[in-house]
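In: pasted the sequence and its predicted model underneath.
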Amino acid sequence: MSALAVHVGSASIEPSGLRVLRMSVADESDDDPAGGAAYAAMFEQWEADLRAMRRPARPEIRSGGIVIGSLNGVAARIYHSPALAHWARRLVSGGALANVFLPHQRRLLALGDDGSLFAGQELDDFERGFFLHAIDARGARARARIQQWLAARTLLDVNRPQAWTSVGCGAALPMVGAVADAGESGASVTAGFFDGCGDARELARRALAAAGVDPSCHRLLNWRIASREGLDGVVGPESQDLVDLVAVTDLLADGRAVELLRRGYAAVRPGGVLMFSVSLPDRPLPLMLEYGIGFAGSHPRSLEKAAAMLESAGIDVRDAMACLTPEGLHAVIEVRKL
């Protein structure tokens, strides 16, 4: 995943003490404003249609994906094509983000026998436009590019090899890009990509190779978030310069998310960084995400809630900084361990 321009627009401090940056992030969709306007109008209409239903049926999730026979009228319009219907069947997986992160791919993610990443069904113009222009696709890419930007910041004025850990590597493309960028800049980074899914680890391995990075120089580990062992069981306390939990904490209930933050922070050495994210509750088109696209697996949290979670994990909120995506969907939170 290529790094595009990321800029700070404005800054403020929350009553909790959490510092907040409102970010400007370039996106692939910027090159097609007419297409973006057309998709925005279509999604606004579908949001209105869902609102008019009063109690729309939520698409059923089973085995990590949508049951196509459970769709309401709006979701059926989105998933009318075979390719998007196939994508929907693995919606609740990190691999579903690959086409979102790389929206100009002409085929769906599927690990080919030749080592390729995108060997799946061919995408038509509507489907590629969906991955390019949908507000949640743009928001996911903005979150990912802030993630890359924060990772790159950890390398400033550093003159020793760096150790990074990324948990949940099904959505590893942003951190793979950060590792590749670090190598091109002359920095020495050894990264560990942790996931309990073999396909997710293979996705990370192939993505590293495709980015020109030797996968054998990094670690791809079978580790489940629900493991009773803390991260120190596999990386050691205060051994990491960067621990990345972006997108993972969004999927966990409060207690488990706090525990993962505590574990992640324990693995960060003084001077290092912990990153995680929250999906913000006051968002545009809320019905489209849950009832149209059908993704209902995240736990929306306000910045106030994120600050409370840090305190519960024993982390000083004054050491944290939240970077808001332009669409107002996500915040990526950086905690520097002093």
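Out: Everything's here; your move. Residues are numbered from 1 along each chain as shown.
In: can you list contacts of the longest helix along the chain?
Out: Across the chain, the longest stretch assigned as helix under DSSP state H is helix 33-53. Outside helix 33-53, the residues within contact range by CB atoms under 8 Å, 6 or more residues apart in numbering are 29, 56, 72-74, 77-78, 129-130, 132-135, 285, 287-288, 291-292. No exception for glycine: its C-beta is placed from N, CA and C like everyone else's.
In: low pLDDT regions in the stretch 101-250 of the chain?
Out: 170, 225-233 (pLDDT under 70).
In: how about the helices in it?
Out: Secondary structure of the stretch 101-250 of the chain (DSSP state H, counting those that start in this stretch): helices at 125-133, 135-153, 173-184, 198-210.
In: please report how far the spatially closest residue to Asp244 that is not a sequence neighbour lies from Ser312.
Out: In space, Asp244 comes closest to Ser166 once its chain neighbours are excluded; the distance is 4.2 Å by CB to CB, 6 or more residues apart in numbering. Going from Ser166 to Ser312 by CB to CB, to the nearest Å gives 23 Å.
In: so for these two, which residue has more residues nearby?
Out: Between Ser166 and Ser312, counted using other CB atoms under 10 Å, the more crowded position is Ser166 (28 against 15).
In: tell me the domain boundaries of the protein?
Out: Domain ranges of the chain: 6-28+146-282+298-336, 29-136, per automatic domain parsing.
In: Val179 contacts Trp164, doesn't it?
Out: Yes. With contact defined as CB atoms under 8 Å, Val179 reaches Trp164; the gap is 7.3 Å.
In: which neighbours do the two share?
Out: Contacts common to Val179 and Trp164, judged by CB under 8 Å, 6+ apart, are Val189, Ala191.
In: neighbour count winner among these two?
Out: Val179 (27 against 24).
In: show me what contacts that one?
Out: Trp164, Val189, Ala191, Leu208, Ala211, Val213, His218.
In: sorry, back to before: any idea of the mean pLDDT for the next helix or strand after the longest helix of the chain?
Out: Scanning forward in sequence from helix 33-53 by DSSP states H and E, the next helix or strand is strand 61-62. Averaging pLDDT along strand 61-62 yields 86.
In: helices or strands up against strand 61-62?
Out: Here strand 61-62 touches no other helix or strand, going by 3 or more CB pairs under 8 Å, 6 or more residues apart in numbering; DSSP states H and E.
In: off-centre distance for it?
Out: 21 Å (CA atoms, centre = their mean, to the nearest Å).
In: neighbouring strands of the next helix or strand after that strand in the sheet, and parallel or not?
Out: Note on strand 61-62: by DSSP H and E, the next helix or strand toward the C-terminus is strand 65-66. With DSSP bridges as the test, strand 65-66 is paired with strand 61-62 (antiparallel).
In: if any of the contacts of helix 33-53 are buried, put those into a ChimeraX selection.
Out: Burial among the contacts of helix 33-53 is assessed by 16 or more other CB atoms under 10 Å; the matching ChimeraX selection reads:
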select :29,56,72,74,78,129,130,132,133,134,135,285,287,288,291,292
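In: burial of the residue lying closest to Arg205 once chain neighbours are set aside, as a residue count?
Out: Nearest non-adjacent residue to Arg205, counting by CB to CB, 6+ apart: Pro215, 4.6 Å away. Neighbours of Pro215 under the rule other CB under 10 Å: 18.
In: again, but for Leu310
Out: Neighbours of Leu310 (other CB under 10 Å): 26.
In: that one sits in which helix or strand?
Out: Counting by DSSP H and E, Leu310 is found in helix 303-312.
In: now for that helix, which elements pack on it?
Out: helix 254-267, strand 268-279, strand 320-324, strand 330-336.
In: mind listing what's buried along the longest one?
Out: Across helix 254-267, burial judged by 16+ other CB under 10 Å covers Ala257, Val258, Leu260, Leu261, Arg262, Arg263, Gly264, Tyr265, Ala266, Ala267.
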